[in-house]
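> Sequence and predicted model, in that order:
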Amino acid sequence: NACWVPGTDHASIATEAKVVAKLASEGIKKTDLTREEFLKHAWAWTEKHGGIILEQLKKLGASCDWSRTAFTMDELRSQSVIKVFVDLFNKGLIYRGVRMVNWDPAALTALSDEEVIYQEEHSKLYYLRYYVENEDKYIVVATTRPETILGDTAVCVNPNDERYQWLKGKKVIVPLVGRAVPIIMDEYVEMDFGTGCLKVTPAHDVNDYMLGEKYNLPTIDIFNDNGTISEAGGMYVGKDRFDVRKEIVVDLEAAGLVEKIEDYNNKVGYSERTKVVIEPKLSMQWFLKMDKITIPALDAVMDDDIKFYPPKFKNTYRHWMTNIKDWCISRQLWWGHRIPAYFLPEGGYVVAESAEEALKLAIEKTGNTNLIKVETV
C-alpha cells in the first residue's frame with residue numbers, strides 16, 4: 001500500500017513558450033511587458049490549463065490523495081526550492097561562472113544536458129582549404145558547420161602525424177575571413193578521422209573550448225542569442241545561421257576554397273521543448289557541482305541497497321553517474337523560481353532566502369544597502 005500524492009510541474013520553458021505565443025496572437029510582445037506584467041499572464045494561463053492533467057487523472061479513476069495536491073510553483077514548494085539552493089550554495093556546491101552551455105535560440109535560454117535530444121541526420125561534410133600564411137600551399141579541414149569558420153582562432157593537428165610536421169610554428173588563413181590563426185599540435189586530434197586537421201572554434205564547441213583554454217586562444221562569439229550572426233562574426237551579420245550555412249558555401253566555392261563536399265551522417269542536438277537545433281555557447285550561468293553529490297546515489301545502487309529491474313540498467317546508471325557533468329541550473333526565463341542572488345552595484349553578490357537576509361549579508365560584507373535582484377530563474 002502506498003499514498004499516491006498528486007502534483008504538477010510548472011514546466012518553465014514549455015509554459016513560457018505557450019504564454020509568449022498567446023500574447024503574440026493578441027499583438028503583445030513579451031519585451032513590451034515588465035516581468036510582473038508577464039507573470040500575471042503566465043499565472044492566468046496556468047490557472048486555466050494547469051489543472052487539466054489532474055482532471056484527466058480523476059476521470060481515469062486514479063486513487064490519489066487529492067487533498068494533498070502540490071504544484072511546483074506553490075508557496076510551500078517555492079520556499080523549499082529557495083531553501084535548498086541557499087543550502088547548496090553555502091556548502092560550496094553551487095557556483096556561477098562562464099561555461100559552455102546548450103543554448104536554445106528559440107526559447108533564448110540555457111538548457112541542461114538532459115533537455116537536449118540527439119537525432120541522427122543526413123548532413124554534409126565540407127572540406128575547406130586553409131592556405132598557409134605567405135605560402136602557396138594549403139591544408140584541408142573538414143567541417144559540418146562551415147558558418148562557424150567566422151569564429152576560428154586556430155587549426156589543430158596531432159603532433160605524431162607525419163603529414164603535418166612541416167606546419168609546426170606556422171599560421172594558416174581562415175577561408176573568406178582572411179584571419180591568420182596559429183597551428184597548434186595536440187594529441188586530442190584523431191589522425192585517421194577526416195583529414196587529421198581540426199578547425200578550433202572555442203566559443204562554439206565544448207572540445208574546442210577546452211583546447212582554447214589549454215593554448216590560451218581567443219574566443220569569438222559569432223552568434224546572437226537568437227541564432228543570427230553577431231557583429232563579432234564580421235560577415236553575414238544579422239542573418240540566420242542556417243541561411244548563412246548555404247550562403248557561405250556558395251561564397252567559398254566561388255573563391256575556390258572548397259576541396260569537396262560529401263554526404264555525412266551525424267548526430268545533432270535539439271531542444272527537447274522547442275525542437276530547434278541547440279547551439280553550444282559560452283555563457284554566464286549557475287551550476288551545481290556533481291562530482292561529490294552523486295556519490296551516495298551511486299553507492300546505494302552499486303551496493304544493491306536499491307535494485308534496478310531489469311538488472312542490466314545498473315550498468316547504464318553507473319555509466320551515467322560516473323560521467324555526469326556539472327548541471328546548468330539557471331534559465332533565462334521569467335516563469336519559474338528566481339535564483340535567490342542579490343547583486344552589489346560595485347560587483348559581487350550575496351545569496352539568501354529573503355531580501356531582508358540578503359541586505360544583512362551585504363551590509364556585513366561591504367556596508368552597501370543597494371542590491372539588485374538577479375533576472376535569471
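Cool, got the structure.
> Which strands border the host helix or strand of Val140, and is each parallel or antiparallel?
Assessed by DSSP states H and E, Val140 sits inside strand 138-143. Strand pairing for strand 138-143, determined by DSSP bridges: strand 116-132 (antiparallel).
> related to what we said a few turns ago, for the strand holding Val140, the averaged confidence score.
Across strand 138-143, the average pLDDT comes to 96.
> Moving C-terminal from that strand, which element do we reach first?
Sequence-wise, the next helix or strand downstream of strand 138-143 (DSSP H and E) is strand 154-157.
> what's that next one packed up against?
Counting contacts by 3 or more C-beta pairs under 8 Å, 6 or more residues apart in numbering; DSSP states H and E, strand 154-157 packs against strand 180-185, strand 197-200, helix 206-214. Using the backbone N, CA and C atoms, a C-beta is placed for each residue, glycine as well.
> and Ile52, which of those is closest to it?
helix 206-214 (38.7 Å; C-beta to C-beta).
> which of the residues in that closest one are buried?
Asp208, Tyr209, Leu211, Gly212 (16 or more other C-beta atoms under 10 Å).
> Those residues: which two are farthest apart?
Farthest apart among those - using C-beta to C-beta - are Tyr209 and Leu211, which lie 7.3 Å from each other.
> joint contacts of these two?
Pro202 (C-beta atoms under 8 Å, 6 or more residues apart in numbering).
> what about Lys40, which helix or strand?
Counting by DSSP H and E, Lys40 is part of helix 35-49.
> related to what we said a few turns ago, would you convert the helices and strands packed on strand 154-157 into JSON lines that also reports mean pLDDT and distance to Pro345?
Output for those, formatted as JSON lines (pLDDT from 0 to 100; distance: least, C-beta to C-beta, whole Å):
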{"stretch": "strand 180-185", "mean pLDDT": "97", "distance to Pro345": "39"}
{"stretch": "strand 197-200", "mean pLDDT": "96", "distance to Pro345": "37"}
{"stretch": "helix 206-214", "mean pLDDT": "93", "distance to Pro345": "30"}
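> Out of these, the one nearest Thr34 is which?
Closest among those, once you apply C-beta to C-beta, is helix 206-214, at 35.4 Å.
> Just the buried residues of the helix or strand following that closest one, please?
Going down the chain from helix 206-214, the next helix or strand is helix 241-254, by DSSP H and E. For helix 241-254, the neighbour count (16+ other C-beta under 10 Å) marks Arg241, Val244, Arg245, Glu247, Ile248, Val249, Asp251, Leu252 as buried.
> just stretch 36-44 next, same as before
In stretch 36-44, counting by 16+ other C-beta under 10 Å, buried: Phe38, His41, Ala42.
> repeat for stretch 83-98
Of the residues in stretch 83-98, Phe85, Val86, Leu88, Phe89, Leu93, Ile94, Arg96 count as buried by neighbour count, 16+ other C-beta under 10 Å.
> Now for these: which two are most distant?
Largest separation among the buried residues of stretch 83-98 by C-beta to C-beta: Val86 and Arg96, giving 13.9 Å.
> any idea which residue sits dead centre in this protein?
By C-alpha atoms, centre = their mean, the chain has its centre lying nearest to Asn102, at 1.7 Å.
> I'd assumed Glu114 was in contact with it.
No: counting by C-beta atoms under 8 Å, Glu114 is not a contact partner of Asn102; they are 9.8 Å apart.
> pLDDT weak spots in the protein?
Scanning the chain for pLDDT under 70 picks out the ranges 368, 373-377.
> thinking again about what came up before, could the buried residues of helix 206-214 be laid out in TSV, adding distance to Ala24?
As requested, the buried residues of helix 206-214 are arranged in TSV below (distance: C-beta to C-beta, whole Å):
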residue	distance to Ala24
Asp208	36
Tyr209	35
Leu211	41
Gly212	38
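> now, among those residues, which is nearest to Cys156?
Nearest member of the buried residues of helix 206-214 to Cys156, counting by C-beta to C-beta, is Leu211, at 6.2 Å.
> I'd guessed that closest one sits against Val189; true?
No: Leu211 lies out of contact with Val189 (C-beta under 8 Å); the separation is 9.1 Å.
> Find the residues that touch each one of these two.
Common neighbours of Leu211 and Val189 (criterion: C-beta under 8 Å, 6+ apart): Cys156.
> The buried residues of stretch 83-98 in strands, which ones?
Ile94, Arg96 (DSSP state E).
> quick one on the thing from earlier: want to throw the helices and strands packed on strand 154-157 into JSON lines with distance to Lys360?
Listed next are those as JSON lines, based on distance: least, C-beta to C-beta, whole Å:
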{"stretch": "strand 180-185", "distance to Lys360": "50"}
{"stretch": "strand 197-200", "distance to Lys360": "47"}
{"stretch": "helix 206-214", "distance to Lys360": "38"}
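> looking at these, which is closest to Ser63?
helix 206-214 (46.3 Å).
> Between strand 180-185 and the closest one, find me the angle.
Here the directions of helix 206-214 and strand 180-185 differ by 90 degrees (axes from the mean of the first three to the mean of the last three C-alpha atoms, to 10 degrees).
> by contact count, what packs against helix 206-214?
So helix 206-214, by 3+ C-beta pairs under 8 Å, 6+ apart, packs with strand 154-157, strand 197-200, strand 279-288.
> returning to what we had before: quick check: buried residues in the strand holding Val140?
Across strand 138-143, burial judged by 16+ other C-beta under 10 Å covers Tyr138, Ile139, Val141, Ala142, Thr143.
> Enumerate every residue touching the last one.
The reference is to Thr143. Contacts for Thr143 (C-beta under 8 Å, 6+ apart) come out as Leu125, Tyr126, Leu128, Ile149, Lys199.
> how many other residues sit next to Lys30?
Using other C-beta atoms under 10 Å, Lys30 is surrounded by 16 other residues.
> so what's it up against?
So Lys30 contacts Val20, Leu23, Phe38, Trp334 (C-beta under 8 Å, 6+ apart).
> Now secondary structure and distance to Ala341 too, for those, in CSV please.
As requested, the contacts of Lys30 are exported to CSV (DSSP: H, G, I helix; E, B strand; the rest coil; distance: C-beta to C-beta, whole Å):
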residue, secondary structure, distance to Ala341
Val20, helix, 25
Leu23, helix, 28
Phe38, helix, 20
Trp334, coil, 16
